[in-house]
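Visitor: My questions concern the predicted model and sequence given below.
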Amino acid sequence: MKASSTYTVKKWEEQPFDDISSNMKMTRASVEYALDGEINGKAAVEYLMFYSHFDAQDQHKTAAEYVGLVRFNGAVGGKSGSFVMQDTGSFEQGTASSALQIVEHSGTGELKGIKGKGSYRANKEGFRFEVDYTL
């Protein structure tokens, strides 16, 4: 089954933990998203990020790779519960793109046993989140 939604960023708290050079760094970010659509609820994420090029004046010139663990809590296809996903992605030329993998045995409630993968993409055209899953 496939489900999709749009999302908004509700919180983004990012702190550097290793300044490699004037335009290269590593950070840790705590992020919360609100999802609306066939996937409806909230997602809390902890990211580790590596900026291979950071431009404070123009974020569209920034390039980064990131990994994270996402805990989704809400409903997918009308079934409620929660699950965890691994998030591996990059930010380049103003677009964030991620591959998501649902962590096996992480589902709760009506989402217990959920398996699958997904993706999200964020840029100036909008924020889109999708999962391809089985229950």
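Guide: Received the coordinates, thanks. Residues are numbered from 1 along each chain as shown.

Visitor: Next up, identify which helix or strand the closest residue to residue 37 other than its chain neighbours is on.
Guide: Here the nearest residue to residue 37 in space, its sequence neighbours aside, is residue 5; by C-beta to C-beta, 6 or more residues apart in numbering that works out to 3.1 Å. Where C-beta positions appear, they are placed from N, C-alpha and C, glycine not excepted. Element membership for residue 5 (DSSP states H and E) is strand 2-21.

Visitor: and that strand, how far from the chain's centre?
Guide: 7 Å (C-alpha atoms, centre = their mean, to the nearest Å).

Visitor: how much space is there between the most centrally placed residue in the chain and residue 81?
Guide: The geometric centre of the chain, computed from its C-alpha atoms, lies nearest to residue 87 (C-alpha atoms, centre = their mean), at 5.9 Å. Note on residue 87: its distance to residue 81, by C-beta to C-beta, to the nearest Å, is 19 Å.

Visitor: which stretch of helix or strand covers residue 104?
Guide: Per DSSP H and E: nothing holds residue 104, as it lies in no helix or strand.
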